[in-house]
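Enquirer: fold the following, please.
(2 chains)
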Amino acid sequence: MKTLDPLAGPIAPGVLSKTEQELRTAFLEEIDRIPGGARLNQCIQCGTCTASCPVSHAMDVTPRQVIAMFRAGAIEELLESRTIWLCASCYHCTLRCPAQIHITDLIYALKRIAIEEGIFPARFPVHVMSETFTKNVKRYGRNYEVGLLLRYFLRTKPLGLFAQRRAGYALWRHGRIKLRPDKIKDIDQLRKIIAKAETFDLPQEKVTSEKVTAAVGYESIGR
Amino acid sequence: MADNGEPRVGVYVCHCGFNIAATVDVEAVRDEAATRPNVVVARDYQFMCSNAGQDLIKQDIDELGVNRVVVAACSPLMHEPTFRAAAEEADLNPYLVQIANIREQCAWVHDDRQAATLKAESLVNGAAARVALHEPLDPMYAEMNPATLVVGGGIAGIQAALSISDAGNDVYLVERKSTIGGMMAKFDKTFPTLDCAACILTPKMVSADRRDNLHLMTMCEVESVEGFVGNFTVKVRQKARFVTDACTSCGECLNVCPVNVPDPFNEYVSTRHAIHKAFPQAIPSTYVIEKQGSPPCMEACPIHQNAAGYVALIADGRFEEAAKLIRKRNPLPFVCGRVCYHPCETACSRGKVDDPVAIRGLKRLAMDWERENVADPEPPPAKHDYTEKVAVIGSGPAGLTCAFDLAQEGYQVTVFERHHKLGGMLAVGLPDYRCPPEIVERDLDYIRKTGVEFQTEVELGKDFKLADLLGNEPGFGFGAVFMALGAHRGLPLRVPGEDAEGVILGIDYLREINLGRPQPTGKKVAVIGGGNTAMDVARTARRQGAEVAILYRRTADEMPADLEEVEGAIAEGVKFDYLVSPLEVVLENGRVTGLKCITNELGEPDESGRARPVPIAGSEHVRKFDMVIPSVSQQPFRTWYKGGIPEKGQIGFTKWDTLIVEPDSLQTGVPGVFGGGDVVLGPASIVEAMGQGRRAAEAIDKYLQGKPLEDFTTHVAPPDPVRGFVKAPYEHGPTYDQIEKMPRARLEARDPRARLADYETVDFGLTEEQGIREASRCLHCGVCVECQSCQNICPPDAVRLDMKDEIVELEVGQILVATGFKSFDATRMTPYGYGRYDNVITSAEFERMLNSTGPTGGQILCKNGKPPRSVAIVHCVGSRDENYNRYCSRVCCMAALKFAHLVKDRTDAELYEFYIDMRAFGKGYEEFYLRVLDEGANVIRGKVVEVTPAKDHNGDGGHLMVRAEDTLIGRFREIPVDMVVLMGAIEPQPDADKVGRVFSLSRSPDGFFLERHPKLDPIGTTTDGVYVAGCAQGPKDIPDTVAQAQAAAADILGMIAKGEVIIEPVRATVQEHLCGGCKTCLSLCPYTAITFAEDGNNAVVNQALCKGCGTCVAACPAAAITGAGFTDEQILAELDGILSPLAQEVAT
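Expert: Numbers count the residues shown, from 1 in each chain, chains lettered A, B, ... in the order given. Next up, the predicted model:
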């Protein structure tokens, strides 16, 4: 048994490593912002999420395993996985989850922590696209394809631009992408909405056990 | 219905949907049947058991005159009653219906349609052939005794007993522990509702206690069950509780009981006293004393001295009580505290651990303490005030004990002693350094207080005769005489020169010195012999200034003297010469100058088991001595005896001059004259002589009260005390190898050189501290050590230490077996370290820890008293494991979740559940699982492989590492925790086999009692009138247990309401004129239904007990037994029928 390298976990009874403690706290804070996020506890590891996911075949950690690994304390490893960046946000898993866990939202929470902590999968810079996309939306109110591609390739693999040049030309010729960005109308309004949203501090929610309590009536019987 | 006596058979083949028809060609079976003799109609139908199917039969009976019916369908266990009822409705005797089982025996067990069809044809033809020979039978009835026996006082038994007694019937609830409540009484909370176990259980317990028709029988075990449904006779062993119903549960006894043993109710984690109540709400609330036989020390003692009792009191620092207890059974406590040969120590279990407890030293300490601290101990008043006088001849240990006991009984006792000093051998045989005169005097003082009179310097045969004592002369007129003359005649060596000056027998030498008479001692003394007398002589001679050598014919290993005496002699400079025998005393001028000896070697063992000394030829030699003291053996004097007492009888003597007495009563040939001590035993020990004195006192009391001399109650010690109990001092106690060693206290001895200067005692007694420490080495064999403290203090006088087991006989109609389960022994799974690591505990132990009446008062604590920082709960320990139990124990997942909740509730600990599958199958169970998840329990899917001690990142140790695969991520996990809880499997009771035999229950492969049908009759058993419920039938939780118990109660009440039981008439009968009386059938009958009628010299079958199995029918060599429904003709016809299609098959 000694030769196997155990997964991260407590380093002494009831004591987590500093890194894990920080990541765990950060994640749980993020979870608290998600309505119903605490339902995460109730995952029964049935695998509906993985089986529903259109891109799980490409993931190194399946959506079910995301929760299992979080429970096992392997958050750093999760942040290093490609999974969170492969999520296509189709919300199939969330729709079908029998425990009503907002899996897509959990993955977004992990993305945010990854960006904050600067922990990314090796040789898989999809997060750059994500960051650039978000910046573009904040700036123009919509995507700016050329800017996105330029920025993504320049930051990740500049030579890739050459490889994509024919496709880019074809798209431009057919008017599918524009060289200059388009701003939406009343961009100020969008910015105000985002700014307002960022000031929200959602209360920590504990929703799930109420239903159980009401159903069986533990408290009424007492100890 | 046409009935001209000819059989008209109707055959009905059932499709059972696809169940039969898919594999068996039912049409072919039907067509084949139609061709058979006597068959008038053969039909097939989709579901014969449907009303329409039954109507077919009824219709054919009515219209076609069918008078025999064969139904080819499923097992007769399922639908035989259905078709019989159908026949009965059509006025056909139900026993003219025969079932051919073509579903379980053909369709379900074969794939080959052709073969299955052929087999079905065989069975149907056989049934058709046999049913033609059936006779109408009438069922038999027996009365139903409405009383019910419920075995097991757990929640199942309590629930069923309450339900049955609710309906007004008598119920006997038998429980082997001291309280009802079973396992549930140990729990704190119950899942999933988390209500308190006691709060929901104790109202039922109290209710069970209150009912007049519910007879609680705790501490009882069923020994045997005879009879049959409706009329069982049950023998129940009522084990002694040692406390009567008068107990008020005041608990005073708890303050005085000096014994602490591991508490089984708390899973042996904490301790309790020998007298105890399992838990505060125990029912009945009467206390109970745990007593597993008498301690070995007490058994080994000829006077039944309760050594363990006073040792326990000394350990408690209660010296005065210890001394009182000693005095209760010992009239010579001071003497015994110094010179007893202590068979108690030989028997002491502690000797199996290291060395026996120094019991004699402790007795000496207790008595010395009494002398220092108790002014004037008074004996208890005599029990009676008799006028009868008893004479005791001889004031040795036997005489004194007899005199003391008789005086306490109330007789007028006179002791006659020929020396001027009282004490017999104590005074004249034992040197003062061993038995100081003031010690004997102290015991004598106490005995005098009982009213015993002493006359010294009067000798039997010289100053008075035996006949005088029994005569009516003044000063005499004794109703009985106890002869305790001792064995004071030393035996000579029988070698030449023995009569010379300078040769004196050891016993004479000691007597002369002890009586203070002038006795010269030589310069160089030879003492011959290896017993205690030889040691006494040698050491006395050393004190007289001589150089002493002990000559012994064998080696040190065979020497009978006590080791401490030998050691004392060696320390005092006595030389030992082994393997030497004297041949002749060498004389010069009539004086001893030496001893001619021969050297021996050891040969074959003799009758005594010791190696026989064999002289070596030519090894004769002479050793120089000026004095020789033979100390080989002693015999009684018989010079006093001048013949018997006319018209009364003669006293007999053995060839060793000892008295011949009745072994039990110790009475001699002369009625009213008894003998005991050395005069009967030959040279024996003090306490053996005392034992005889005690027995003689009992016999004399009986004699004087005109009672027959039988049924003696005084203790007789076994000749060779056995060392301790076999494996452990008591059942469930630590085994000898688990007990920590602790050196035995040694009595401080004086410097040997100083010792030689006087006759003072050679060693000092123990100090109080030493004594308390030494007494604490006692292992409390058998738990209760009979110190009688509780008996002395009990306000309602409810303690009866002499209570005995009793057998109670019950008559009941039905029996419910609800004997519960045993928790898995977690030490079997060695990788989990249970028993090796302090904080690896079982679920049962954790239940107790959580309970407010448990060892920690409900706090979750590690062994070091600190709350755990992290707890692991391991599922499936001994379940779902081919190495232990294949089955799932069903309750552990939920119990583990309950634990998780309680850990989260009561501590800040992190919690890990290691499970294989989470089985939350009951109402509210899944919700509870989710709740516990929500409370932050960590669940890891994977079986724990090992638990090891661990160190954390700071190098701090003391915690445990739990290893498992997290199968949900396919990764190995190591979790450091402070506490591991093992969810042990539910297993059958260890004595399930025995219980099964008592109640004629079968067991399934997992060892639990087998129900009659796993789905449709989970409470009945294969024995009519015997039911099972609860975990005895299989692992289940409380709701399921209660439901099953209620179901059993409903069945039982239904049977009671019927008032009678139908007994199948399919029975064996003996044709008496054919029976040869060989009794072969008697031993073969599995239901003990056959008895032998001596008058007719033939076997008789009890029709009510017979199950119609046919064993006897087959076995009877005279073919005298026939089974109704199983006659030879019927069976042969069936065989013919079965073989007929096969015969065709073979032919074609």
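Enquirer: tell me the secondary structure at B:Glu913.
Expert: At B:Glu913 the chain is in strand, as set by DSSP: H, G, I helix; E, B strand; the rest coil.
Enquirer: show me what it is bridged to.
Expert: Applying DSSP bridges to B:Glu913 gives these bridge partners: B:Ile873, B:Val939.
Enquirer: center of chain B, which residue is that?
Expert: B:Gln292 (6.9 Å; C-alpha atoms, centre = their mean).
Enquirer: give me the contacts around the longest strand along chain B.
Expert: In chain B, with assignment by DSSP state E, the single longest strand is strand B:591-605. Strand B:591-605 is touched from outside by B:497, B:500-503, B:522, B:526, B:551, B:553-555, B:579-587, B:611-616, B:619-628, with contacts defined as C-beta atoms under 8 Å, 6 or more residues apart in numbering or on different chains. (Each C-beta comes from the backbone N, C-alpha and C, glycine too.)
Enquirer: show me the shaky parts of the chain.
Expert: All of this refers to chain A. Within chain A, the stretches with pLDDT under 70 are A:1-8, A:201-223.
Enquirer: that was the other one, I meant chain B.
Expert: Along chain B, segments meeting pLDDT under 70 span B:1-4, B:953, B:1147-1148.
Enquirer: in the stretch 601-750 of chain B, what residue spans correspond to strands?
Expert: In the stretch 601-750 of chain B, the strands defined using DSSP state E, counting those that start in this stretch lie at B:611-615, B:621-624, B:627-630, B:634-635, B:673-675.
Enquirer: any idea how far the residue of the stretch 1001-1148 of chain B found nearest chain A lies from B:Cys892?
Expert: Here the stretch 1001-1148 of chain B gets closest to chain A at one residue, B:Pro1039, 13.1 Å apart by C-beta to the nearest C-beta. Distance, B:Pro1039 to B:Cys892, using C-beta to C-beta, to the nearest Å: 16 Å.
Enquirer: more neighbours, the two?
Expert: Legend: neighbour count by other C-beta atoms under 10 Å in any protein chain shown for B:Pro1039 and B:Cys892, higher for B:Cys892 (29 against 15).
Enquirer: okay, now residue 77: neighbour count?
Expert: Answering for chain A, as no chain was given. 17.
Enquirer: I was thinking of chain B, sorry if that wasn't clear
Expert: Neighbour count of B:Leu77, defined by other C-beta under 10 Å: 14.
Enquirer: other residues contacting the one helix or strand it maps to?
Expert: Using DSSP states H and E, B:Leu77 sits within helix B:76-89. The contact list for helix B:76-89 (C-beta under 8 Å, 6+ apart) reads B:48-49, B:54, B:57-58, B:61, B:69, B:71, B:73, B:93-97, B:99, B:101, B:1013.
Enquirer: restrict those residues to the buried ones and give me that as a PyMOL selection.
Expert: Here is the PyMOL command that selects the buried residues among these (16 or more other C-beta atoms under 10 Å in any protein chain shown):
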select buried, chain B and resi 48+49+54+57+58+61+69+71+73+93+94+95+96+97+99+101
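Enquirer: out of the contacts of helix B:76-89, who's near chain A?
Expert: By C-beta under 8 Å from any C-beta of the partner chain, no member of the contacts of helix B:76-89 lies near chain A.
Enquirer: can you tell me which of the contacts of helix B:76-89 end up in helices?
Expert: B:54, B:57-58, B:61 (DSSP state H).
Enquirer: looking at those, which is nearest chain A?
Expert: Nearest to chain A among the ones in helices among the contacts of helix B:76-89 is B:Gln54, at 46.4 Å by C-beta to the nearest C-beta.
Enquirer: pretty sure that closest one is touching B:Met48, no?
Expert: Yes: judged on C-beta atoms under 8 Å, B:Gln54 makes contact with B:Met48 at a distance of 7.4 Å.
Enquirer: how is the chain partitioned into domains?
Expert: Answering for chain A, as no chain was given. Using automatic domain parsing, the domain parsing of chain A gives A:1-120, A:125-200.
Enquirer: you answered for a different chain; I wanted chain B.
Expert: B:9-139, B:148-239+B:812-819+B:989-1062, B:300-377+B:725-780, B:389-425+B:440-488+B:658-703, B:492-514+B:524-632, B:821-988, B:1067-1123.
Enquirer: just name the most buried of those domains.
Expert: domain B:389-425+B:440-488+B:658-703 (a mean of 22; mean count of other C-beta atoms under 10 Å in any protein chain shown).
Enquirer: and B:His134, how far is that from chain A?
Expert: 58 Å (C-beta to the nearest C-beta, to the nearest Å).
Enquirer: was I right about B:Gly835 contacting B:Thr827?
Expert: Yes: B:Gly835 is within contact range of B:Thr827, at 4.5 Å (criterion: C-beta under 8 Å).
Enquirer: pull the contacting residues for the residue nearest to the centre of chain B.
Expert: Counting by C-beta under 8 Å, 6+ apart, B:Gln292 has contacts B:730-731, B:782-783.
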